[in-house]
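Asker: from the sequence below, what's the structure:
(chains A and B)
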Protein chains: 2
Amino acid sequence: MSQYKDMTKEELQELKAELSKQYADFKSKGLKLDMSRGKPNRAQLDLSNPLLDALNSESDMKAEDGTDVRNYGILTGLPECRKLFGDIMGVDSKNVIIFGTASLTIMYDYIAQCMIFGCGDEPWSKQGKIKFLCPVPGYDRHFGILQHFGIEMINVEMKEDGPDMDKIEEAVKDSSVKGIFCVPKYSNPDGITFSDEVVRRFAALKPAAKDFRVIWDNAYIVHDLTDTPDELLNIFDAAKEYGSEDMFIEVCSTSKISFAGAGVSALAASDANIEAVKKRMTIQTISHDKINQLRHVRYFKDLDGIKAHMKKHAAILKPKFDAVTDGFEKAFEGTGIAHWKKPNGGYFVSLFVMKGCAKRVGQLCKEAGLTLTSVGATYPYGIDPDDSNIRIAPSFPDVDELKLAVELLCVCVKLAAVEKLLGE
Amino acid sequence: MSQYKDMTKEELQELKAELSKQYADFKSKGLKLDMSRGKPNRAQLDLSNPLLDALNSESDMKAEDGTDVRNYGILTGLPECRKLFGDIMGVDSKNVIIFGTASLTIMYDYIAQCMIFGCGDEPWSKQGKIKFLCPVPGYDRHFGILQHFGIEMINVEMKEDGPDMDKIEEAVKDSSVKGIFCVPKYSNPDGITFSDEVVRRFAALKPAAKDFRVIWDNAYIVHDLTDTPDELLNIFDAAKEYGSEDMFIEVCSTSKISFAGAGVSALAASDANIEAVKKRMTIQTISHDKINQLRHVRYFKDLDGIKAHMKKHAAILKPKFDAVTDGFEKAFEGTGIAHWKKPNGGYFVSLFVMKGCAKRVGQLCKEAGLTLTSVGATYPYGIDPDDSNIRIAPSFPDVDELKLAVELLCVCVKLAAVEKLLGE
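Answerer: This is a model prediction of the structure:
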């Protein structure tokens, strides 16, 4: 197939007619497909059903330290659960706090705490206009938190090995720049894992703001899809070399390991930050759900248990990711109208279509019964300056549905490109 | 026994010698007793063990509306769980939101939201010095939240049927007074249930601040101890008559129904307040733990199921409360040095000792191995202006332990009174 940009008007018009027919065929099918959110599918959830048997009415409900998990107490989480998450994140148990079901809530609370009480300087809410750096494309819920708190967002382009560190190093010279949200492994949506150099440059940052925070959202820390997974340098190991441990707040959860929205989440931080978070927690709660903590530890046992479990997830997810990227390869080869990365893990495929076409693609898909993540959602304020990025979430639909959805999507991407080239 | 205040110096000195001997005997036993916190005891927790069997790996994990509870979604909680809590609180399901394990966290978040975003006026944090009314004695964790956010606390005395409403009606004329925390049924620590008149006067309040909020912490809503329980007028029914529904935020939880810190909590509020809370929640979380919600609904089924379960709690707790109040009656009859109320429910007995003696009692108890709730903790800033109130939590110790602890406590109360009367 020729590159679309090299086609003559006549060729484009011919192609448009053909694509319009394909699109009309799809439309006539009355499809109802959804590739919008990174939700686990039923088979993945079934993998964790035995977790529900890990504790029953006959179980010993005592934690290793003798705590009855059915009662109040142990603000920071069961020792064995802190150990498990410490092993997952590669930090000491003492630097881990276990929370409720959602790492999103940990991040929201952390930002709220910085707004009201600050983190080593005046409360953020008392410092006038403050700003955060946002690697783009990125995770819409990170942007949601920042917008909610009225924090100005500055786009930082994602490169092949992480965000544009030159830009970040420059931006942090402004003391009103207070932080950055990252998904350092299998980034949402690009599936990019930060290179060792990028992680080291993060650790070496010398922001003008002494209350600068990097929210290291390690959502996909054990979510590999292949036998040759990406390796992420441990941020706290890197930070130790520069004495910058206080700059980093890491979070993760079992939402996409056990049950989505009913798992266990955790924060890892420096001694000083753990103390600050604990201080707020003593007011906010008595203790998080230790029964669910114990259930998870009894079932998964240790990091090896988690890893073995994640291989089962990968076996379910890999064919779905392949369906998406194979579909793209087949449809877009040689057209020059789209690019994407085949990720080694995570939950998304990030598709870049011809500039100025993403919204049109979203509209075409919607009219034919395919729901995508809102186009633009992968950028702060919902504005993709290139109108190019589309986030694909392959996990939830069946492979057959997915293949159909990808076919339809590809027709829409092509049609939008042709319309654009024809100046329509 | 004579009233202590009528005793001669010689009689008091004789009594002191006798009490000192009794105290020394207790001290020599090397006791380790704790009546400090309102924690359920093991037998109570055992009551809910079958809850752990309500969902297992073979269970249907679909909610009534077909939602797979193992996956993301349903921000405000499962419809059947909202129904159950609506029935508990006597409100429509649409006015209920289900949260995580702790109503304390709901209250913290609500105050935080008012501080940062306001509730019908400028954010509280932008309105200069603001104040809350605090019925005293009251719940230390309410005071903790207010102190944490820098909200000034004003004591309002508890009367036999609720807080001093004359004082409240007067205080709310000040527009910097933004709200009040209450435990309207079996108040913490007095065990007082607000009379219908008090509830109606709350509903009829016309505060100068249009962003005034009453946090109606109905922690002991179904926590009756006797067959003649107190009846609390439904605050939203009362508010309806005055069009003041937006003034009330009610919370409750199953922490002392199922498992402490691993139950389900809920908020009830007007349509407008539900919308405001939901708006914040869309940013803060994806969904709360629907597996735990379904587990609770499958096990308790309905309000009748909850009530039947609470009768079992009462059967365990009643003898403990009796041990405390019987002990007090026996020890203090005719002495005129202490008073208390025998509550029909809740988790505490509130003992008032001779003014200026409570701290000394706490010290004497501590030195003899009995831990009490920190004396003063039942008042804002930990300051009991009369140095008189001691909160007794009878739930956790065994009855025998409890009897011993009460005996020791009574000796300490008497000894402190005699010391005081002797001018020591």
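
Asker: any idea how far chain B is from residue A:373?
Answerer: Going from residue A:373 to chain B by Cβ to the nearest Cβ, to the nearest Å gives 14 Å. Yep, even glycine has a C-beta here, placed from its N, CA and C like the rest.

Asker: and for that residue, the neighbour number?
Answerer: 21 (other Cβ atoms under 10 Å in any protein chain shown).

Asker: check residue A:171 too.
Answerer: Other residues within reach of residue A:171, judged by other Cβ under 10 Å, total 18.

Asker: tell me the secondary structure for the closest residue to residue A:286 other than its chain neighbours?
Answerer: Excluding its sequence neighbours, the residue lying closest to residue A:286 (Cβ to Cβ, 6 or more residues apart in numbering or on different chains) is residue A:72, at 4.9 Å. With DSSP: H, G, I helix; E, B strand; the rest coil as the basis, residue A:72 sits in coil.

Asker: what sits against residue A:72?
Answerer: Contacts of residue A:72 were listed using Cβ atoms under 8 Å, 6 or more residues apart in numbering or on different chains, and they are A:286-287, B:37, B:39, B:255, B:260-261.

Asker: name the residues of the helix ranked longest in chain A that are buried.
Answerer: When chain A is parsed with DSSP state H, its longest helix is helix A:303-332. By neighbour count on 16 or more other Cβ atoms under 10 Å in any protein chain shown, the buried set for helix A:303-332 is A:303, A:306, A:309-310, A:313-314, A:316-317, A:320-321, A:323-325, A:327-328, A:331-332.

Asker: any of the contacts of residue A:72 buried? List them.
Answerer: A:286-287, B:37, B:39, B:255, B:260-261.

Asker: which one of those sits closest to residue B:223?
Answerer: Residue B:223 lies nearest to residue B:255 out of these, by Cβ to Cβ, at 10.5 Å.

Asker: after the helix or strand of chain A with the lowest mean pLDDT comes which helix or strand?
Answerer: None of the helices or strands of chain A scores lower by mean pLDDT, DSSP states H and E than strand A:33-35, at a mean of 91. Under the assignment DSSP states H and E, the closest C-terminal helix or strand after strand A:33-35 is helix A:42-47.

Asker: please enumerate residues in contact with the helix or strand just after that following helix?
Answerer: Next helix or strand after helix A:42-47 toward the C-terminus (DSSP H and E): helix A:79-89. The contact list for helix A:79-89 (Cβ under 8 Å, 6+ apart) reads A:63-65, A:76, A:92-98, A:218, A:221-222, A:234, A:250, A:252, A:264, A:266, A:268, A:290, A:293-294, A:296-297, A:300, A:302-303, A:306.

Asker: stretch A:296-303 now?
Answerer: By Cβ under 8 Å, 6+ apart, the residues outside stretch A:296-303 that reach it are A:48, A:50-51, A:54-55, A:59, A:78, A:80-81, A:84, A:87-88, A:254, A:257-258, A:263-264, A:305-306, A:309.

Asker: got the buried residues for that stretch?
Answerer: Buried-residue list, stretch A:296-303, by 16+ other Cβ under 10 Å: A:296-297, A:299-300, A:303.

Asker: out of those residues, the closest to residue A:180 would be?
Answerer: Each of the buried residues of stretch A:296-303 was scored against residue A:180 by Cβ to Cβ, and residue A:303 proved nearest at 27.8 Å.

Asker: for the biggest strand by length in chain A, list the C-alpha coordinates in PDB.
Answerer: Longest strand in chain A, counting residues (DSSP state E): strand A:152-159. Only the C-alpha atoms of strand A:152-159 are listed here, as PDB (Å, rounded to 0.1, in the frame of the first residue of the first chain):
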ATOM      1  CA  GLU A 152      -1.800  24.200  36.600                       C
ATOM      2  CA  MET A 153      -0.600  21.400  34.400                       C
ATOM      3  CA  ILE A 154       2.400  21.700  32.000                       C
ATOM      4  CA  ASN A 155       2.800  19.100  29.300                       C
ATOM      5  CA  VAL A 156       6.100  17.300  29.000                       C
ATOM      6  CA  GLU A 157       6.500  15.100  26.000                       C
ATOM      7  CA  MET A 158       7.100  11.400  26.400                       C
ATOM      8  CA  LYS A 159      10.100  10.100  24.500                       C
END
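
Asker: and it, average pLDDT?
Answerer: Mean per-residue pLDDT for strand A:152-159: 98.

Asker: direction included, what does the very next helix or strand once past it pair against?
Answerer: Toward the C-terminal end, the helix or strand that comes next after strand A:152-159 (DSSP H and E) is strand A:162-163. Using DSSP bridges, the strands paired with strand A:162-163 are strand A:152-159 (antiparallel).

Asker: for the strand it pairs with, give me every contacting residue.
Answerer: Residues outside strand A:152-159 that contact it (Cβ under 8 Å, 6+ apart): A:129-138, A:143, A:146-147, A:163-164, A:167-168, A:171, A:177, A:180, A:187, A:190, A:192, A:379-381, A:385.

Asker: could you do stretch A:318-337 as well?
Answerer: With Cβ under 8 Å, 6+ apart, stretch A:318-337 has contacts from A:1-5, A:225-226, A:338, A:340, A:342-343, A:349, A:351, A:353-354, A:392, A:394-395, A:397, A:399, A:402-403, A:406-407, A:409-411, A:413-414, A:417.

Asker: rerun that using 7 Å as the cut-off
Answerer: A:1, A:3-5, A:225, A:338, A:340, A:342-343, A:349, A:351, A:353-354, A:392, A:394-395, A:399, A:402-403, A:406-407, A:410, A:413-414, A:417 (Cβ atoms under 7 Å, 6 or more residues apart in numbering or on different chains).

Asker: cool, stretch A:8-15 as well?
Answerer: For stretch A:8-15, contacts defined as Cβ under 7 Å, 6+ apart pick out A:418, A:421-422.

Asker: adding secondary structure, write the residues you listed out as CSV.
Answerer: Listed next are the contacts of stretch A:8-15 as CSV, based on three-state DSSP:
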residue, secondary structure
A:418, helix
A:421, helix
A:422, coil
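
Asker: list buried residues within these.
Answerer: Using 16+ other Cβ under 10 Å as the burial test, those include A:418, A:421 as buried.

Asker: which one of the contacts of stretch A:8-15 is nearest to chain B?
Answerer: residue A:418 (36.5 Å; Cβ to the nearest Cβ).

Asker: give me the nearest residue to residue A:116, chain neighbours excluded.
Answerer: Nearest to residue A:116 is residue A:123, by Cβ to Cβ, 6+ apart, at 5.7 Å.

Asker: list of residues touching the helix or strand containing residue A:283?
Answerer: Counting by DSSP H and E, the element that carries residue A:283 is helix A:271-284. Outside helix A:271-284, the residues that touch it by Cβ under 7 Å, 6+ apart are A:75-76, A:95, A:97, A:113, A:119, A:246, A:249, A:267, A:269, B:105, B:108, B:144-145, B:148.

Asker: filter the residues you listed down to the ones in strands?
Answerer: The strands, defined by DSSP E, take in A:97, A:249, A:267, A:269 from the contacts of helix A:271-284.
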